[in-house]
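Build me a structure from this.
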Amino acid sequence: MAPFLDLVFDVPLREHPVFTYRMDEKGEAGIGKRVMAPFGRREMTGYVIGERTEPPPAVREGAIKAIRRVVDAAPIFDTADIELARWMAGYYLCGLGEALAAMIPSGRRVGSQSASSFPDDPGEIAATPLALSDEQEKALAVITTPADPAVKLPPFYLFGITGSGKTEVFLRAAEAVIREGKSVIYLVPEISLTHQTAEAIGKRFGPIAATLHSGMSPGKRLTEWVRIRSGDVRIVVGPRSAVFAPLTNLGLIIIDEEHDGSYKSGNTPRYHARQVAMRRAAISGARLVMGSATPSVEAWKLMQDGGITRLDLTRRLSGGQPPEIIPVSLEHTEGCLTAELKEELRKTARMGRQSILFLNRRGFAYFYHCKQCGYELSCRHCSVSLTYHKSKGRAVCHYCGYSVVPPKACPECGSLEAGFTGFGTEMIEEEVGRTFPELRLRRADADTTGRKGSLAETLDEFKAGGIDILLGTQMVAKGLNFPGVRLVGVVLADTGLHLPDFRAAERTFSLIVQVAGRAGRYFPDGKVIVQTLRPNDPAIRRACALDVEGFFAVELAQRELLGFPPYTRLIRFTVRAKEAARADGAINRLAKLAAPLIPRDADVLGPAECPIGIIAGNHRRQLILRGKGMGALHGAAKAIMDTYDKGRDTKTYLEVDVDPVSLL
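Numbering: from 1, shown residues only. Take a look at the predicted model:
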């Protein structure tokens, strides 16, 4: 038994992140277990990543503290997990302990019962009733062809219109891999999609399947984690963090709806599940298969260049056809719904079919403005407008939660010509209810689906035909399969177009095409009404024409001209401070440090105020490193951070984001 243990902690230490402690008296600690240990003036959870017989050089044995107690009876991570965490810490410029903490569940103890996520079906893979099309058969054959172990397989990409059977190809590929004795990770972007995909996987694979997602309690997640590590599970489904599932003998990773921004973590470490999946696949020799009707620009470019093998699915399989998509101008419309959309809602109801209304903005109205003096009602702690939530009777900030009772008159000049404009899902709900009182309407957004399981209940009820009109934000926009839907109404297509982000057009295009894909999946009469204030915008026009190739051709040409990904790589530094002067001083210092360290083929954007300059009372400033390759850019970023850390103002906070997906 080694008398010393090497521990890491969930703290932002990039240099010298490993600390040595004495083994506990019973000798229960070991690599892969969590322990409680004194750290500074606190007691913290440490992760055991190594054992040693001698103390580290230059460390006096008597100065080494002992761990207090062991948390886990059995290891919850292994040496492969530690290797992956080391790669993440290096690539995403974070602490090793931070990377490991992001990978493993935080539950205190394992539940007493080993609960399967799915009903107890027979352990054998269920018979599949669906016959594959020629295109599906061809794609499946390419994905499952035995590979030469000496040849590195490129990732595969199922590029197909919505409803073309990508899920069935994914499931058949998973079956083939499991028959080989290997295991599968199946990633979906949202918890709302986890429910539907988990249902399909549960029916197909029974008790050898499990789910992992943030909606589970920490204890339940840890129970499932231990069950997966034990080898009882062969396929895991879940959003971003399921990429770390501790499966043995990994043979396949599937990334459904690869384009989705939620695969990128918003907290340290700011990892992207696609990059982590590529790394895991390379380490384990597993196949990687992605899919979407609207690939990310980065994936599209890799397909063009041969870095990803593209497999096309061009037709809907359930009797449906691509829907008719009609852009309709909102100009001169009273209220939120155009005459065209109202007429199609009536027609769809008369046919006994269902409708989805989509708006990526919750609340009732989102912009308070005085016509007399121009006053705008903004959050006290953030540089954003407050959103009026009629059900709560308050104007709320969607960034920090600050809220106030809306003023009856302008707080600046007292004018009564002041109030909220713009519309959110609450206002749509009110107008639809008033216009179609006879129809069953349900709203699904962050305000109505807070209760555990409520979103799954709503989606199940809609699928069963118990709801005529489903109104929601992006949680109803993608990946979901509802046979009864004839009509999709995009209430306002422009919500993301005005954002100061080079990906605004890509996101708008993708969202319209994805939500349009919910219409007419089983019948040839699907219809989509796209309401917009900018009917001639190229992204909206191409989305309505389902012109994916045309959109990417123009978008790539523009990105190349402007020097943005995928033609360059970005590393974004964001400084936060309570005082604007501190934030300004810190970002200017960072910029001065960066100037001599930037590689010749790179440049610096900024320093500048972030597009959202204040969040939760913190002033935000940014500096972006941009270069052709990540290697030299990484080296510069590390050198900048190391020097910056030595003289850092402790009242400022520095965030680093490698390959950012949002610049807000």
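
Number of residues surrounding the closest residue to Leu337 other than its chain neighbours?
Distances taken as CB to CB, 6 or more residues apart in numbering place Glu431 nearest to Leu337, at 6.1 Å, with adjacent residues excluded. Every C-beta, even on glycine, is put in place using the N, C-alpha and C of the backbone. By other CB atoms under 10 Å, 16 other residues sit near Glu431.

how would you label Glu431: helix, strand or coil?
At Glu431, secondary structure determined by DSSP: H, G, I helix; E, B strand; the rest coil is helix.

residue contacts, it?
Gly335, Cys336, Leu337 (CB atoms under 8 Å, 6 or more residues apart in numbering).

Quick check: phi and psi on the closest residue to Arg589 other than its chain neighbours?
The shortest distance from Arg589 to any non-neighbouring residue, by CB to CB, 6+ apart, is to Tyr644 (7.0 Å). Phi and psi for Tyr644, reported as degrees, to the nearest 10, are phi -60, psi -40.

likewise Asn588?
Dihedral angles (degrees, to the nearest 10) for Asn588: phi -70, psi -40.

okay, it: pLDDT?
At Asn588, the predicted lDDT confidence score is 96.

swap in Ala516?
pLDDT, Ala516: 85.

contacting residues for it?
Thr162, Pro323, Ile325, Val488, Val490, Val528, Val530, Ala543, Leu546.

circling back to that earlier point, weed out the non-buried ones from the contacts of Glu431.
Cys336, Leu337 (16 or more other CB atoms under 10 Å).

Single out whichever of the contacts of Glu431 has the smallest pLDDT.
Lowest pLDDT among the contacts of Glu431: Gly335, 85.

now stretch 300-319: mean pLDDT?
Averaging pLDDT along stretch 300-319 gives 89.

Just the CA trace of it, in PDB.
Provided in PDB are the C-alpha atoms of stretch 300-319 (Å, rounded to 0.1, in the frame of the first residue of the first chain):
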ATOM      1  CA  TRP A 300     -19.800  21.300 -43.600                       C
ATOM      2  CA  LYS A 301     -16.300  22.600 -44.400                       C
ATOM      3  CA  LEU A 302     -14.700  19.400 -43.100                       C
ATOM      4  CA  MET A 303     -17.100  17.400 -45.300                       C
ATOM      5  CA  GLN A 304     -16.100  19.500 -48.300                       C
ATOM      6  CA  ASP A 305     -12.400  19.000 -47.500                       C
ATOM      7  CA  GLY A 306     -12.700  15.200 -46.900                       C
ATOM      8  CA  GLY A 307     -12.000  15.300 -43.100                       C
ATOM      9  CA  ILE A 308     -15.500  13.900 -42.500                       C
ATOM     10  CA  THR A 309     -17.200  11.200 -44.700                       C
ATOM     11  CA  ARG A 310     -20.600  12.600 -45.800                       C
ATOM     12  CA  LEU A 311     -23.500  10.100 -46.200                       C
ATOM     13  CA  ASP A 312     -26.700  11.600 -47.800                       C
ATOM     14  CA  LEU A 313     -30.400  10.800 -46.900                       C
ATOM     15  CA  THR A 314     -32.500  12.700 -49.400                       C
ATOM     16  CA  ARG A 315     -36.200  11.600 -48.900                       C
ATOM     17  CA  ARG A 316     -38.700  11.300 -46.100                       C
ATOM     18  CA  LEU A 317     -39.700   7.700 -45.300                       C
ATOM     19  CA  SER A 318     -43.100   7.900 -43.700                       C
ATOM     20  CA  GLY A 319     -45.200   9.100 -46.600                       C
END
